[in-house]
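Visitor: build me a model from this:
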Amino acid sequence: MRIFTFFLLLVLLSTTTTYAQQRKVKKQIEKKGIIYNKEMTFGGKIASNGWGFYMNTGKIINIHKTRLWMIEFSDIRHPKEKKQSADFNLAISGFDSPRDFYYGKQNEFFTLRAAFGYKKNIAEKAKKNGVNLALVYMGGISLGFLKPYYLDLAYITQVNDSTFIVEAKSERYNDDPENGNAQKFLNWYEIIGASRYSKGFKQLQPVPGAFIKLGLNFEWGSRDAFITAMEVGVAADIYYKNIPIMINQPQRPFFMNAYLSFELGRRR
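Guide: Below is the predicted model:
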């Protein structure tokens, strides 16, 4: 009887210990996302108002939720921007290989975003060749930069009845009533083409603002350590003042867009 009682206690003690260890392991698995606790991805995106590229770093809280930090660079375009070719008579003027230009454009606009948020799984992928669906929501700061847009404008000087000298001058838009160039800048037939891209970087003007986004992330692949994903969603930026991109279009302090992105990365 004593031997039986001792054996029974030993079995109960062993069962209790095993159950406690299983619960501990289960909690560790949920906390670390099975065997990973961090992830990093790099991606590029196209949006309804431009393009961009970004980097995400994540802390895996559990198998359902990941805390994200994002750094992103984007080029924001106005919906009325359209690349044009100059009609200036280049054969007579002697200019060749002119750059296409955006008629009526005043500034280019870039933005750097730093955001914080979460990725929450909605539907987990199967063990092999499945697709994981997650909701991504983020918000943060958006530091915009206005860069003046320069055009090569034609200045024609008449030497005599049959001789003209054409000089190209690189200029930004200036609407000053007395010393400005608004009429010439918008005269199609006096535009030779866009100036070199580096013009204007010395006059960058910072514009701080805020940023939010909401998206659906689709991840596929048979190996959890490697991330291959696509994301679709909407995003918005708002700044403290109107952003002048096009000359004859309404200016506004906010931008909304739909985006599609593709990213690669890994977990560890």
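
Visitor: for Arg113, name its beta-bridge partners.
Guide: Glu72, Ser142 (DSSP bridges).

Visitor: mind checking how far it is from Glu178?
Guide: 40 Å (C-beta to C-beta, to the nearest Å). Where you see a C-beta, it was placed from the backbone N, CA and C, and this is true even at glycine.

Visitor: show me which of the two is the more surrounded one.
Guide: Shown here are Arg113 and Glu178; by other C-beta atoms under 10 Å, Arg113 has more neighbours (24 against 4).

Visitor: for Glu190, see how far away that one is.
Guide: 38 Å.

Visitor: what of Phe218?
Guide: Phe218 is 50 Å from Glu190, by C-beta to C-beta.

Visitor: got it, and His78?
Guide: Taken as C-beta to C-beta, the span from His78 to Glu190 is 23 Å.

Visitor: neighbour count winner among these two?
Guide: Higher neighbour count among His78 and Glu190: His78, with 22 against 18, using other C-beta under 10 Å.

Visitor: so that one sits against Met246, correct?
Guide: Yes - counting by C-beta atoms under 8 Å, His78 does reach Met246; the two are 4.9 Å apart.

Visitor: any shared contact partners between the two?
Guide: Lys105 (C-beta atoms under 8 Å, 6 or more residues apart in numbering).

Visitor: which of the three states applies to Lys202?
Guide: Under the three-state scheme (DSSP: H, G, I helix; E, B strand; the rest coil), Lys202 adopts helix.

Visitor: tell me how many other residues crowd it.
Guide: Neighbours of Lys202 under the rule other C-beta under 10 Å: 8.

Visitor: what does Tyr173 give?
Guide: Neighbour count of Tyr173, defined by other C-beta under 10 Å: 20.

Visitor: report pLDDT for it.
Guide: pLDDT, Tyr173: 96.

Visitor: same thing with Ile29?
Guide: 44.

Visitor: same question, the one 5 residues further on
Guide: Predicted confidence (pLDDT) for Ile34: 56.

Visitor: measure stretch 82-102 end to end?
Guide: When the termini of stretch 82-102 are compared using C-alpha to C-alpha, to the nearest Å, they are 6 Å apart.

Visitor: so where do the helices sit in this structure?
Guide: 2-32, 90-93, 182-185 (DSSP state H).

Visitor: nearest residue to the middle of this protein?
Guide: In the chain, the centroid-proximal residue (C-alpha atoms, centre = their mean) is Gly52; its distance is 3.6 Å.

Visitor: for the closest residue to that one other than its chain neighbours, list the residues it contacts.
Guide: Spatial nearest neighbour of Gly52, chain neighbours left out: Ser74 (3.3 Å); criterion: C-beta to C-beta, 6 or more residues apart in numbering. Applying C-beta under 8 Å, 6+ apart, we find Ser74 in contact with Lys45, Ala47, Gly50, Trp51, Gly52, Phe110, Thr111, Arg113.

Visitor: how about the strands in the stretch 1-150 of the chain?
Guide: Using DSSP state E, counting those that start in this stretch, the strands of the stretch 1-150 of the chain run over 38-47, 50-62, 65-76, 83-84, 101-102, 107-123, 131-148, 150-158.

Visitor: now these in a markdown table, with mean pLDDT and distance to Gly209?
Guide: Formatted as a markdown table, the strands of the stretch 1-150 of the chain follow (pLDDT from 0 to 100; distance: least, C-beta to C-beta, whole Å):
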| stretch | mean pLDDT | distance to Gly209 |
| --- | --- | --- |
| strand 38-47 | 96 | 16 |
| strand 50-62 | 95 | 15 |
| strand 65-76 | 97 | 11 |
| strand 83-84 | 88 | 27 |
| strand 101-102 | 94 | 23 |
| strand 107-123 | 96 | 8 |
| strand 131-148 | 96 | 4 |
| strand 150-158 | 87 | 25 |
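
Visitor: of those, which is nearest Ile227?
Guide: strand 38-47 (5.5 Å; C-beta to C-beta).

Visitor: and the closest one, which strands flank it?
Guide: Here, using DSSP bridges, strand 38-47 pairs with strand 50-62 (antiparallel), strand 252-267 (antiparallel).

Visitor: buried stuff in that strand?
Guide: By 16 or more other C-beta atoms under 10 Å, the buried positions in strand 38-47 come out as Glu39, Thr41, Gly43, Lys45, Ala47.
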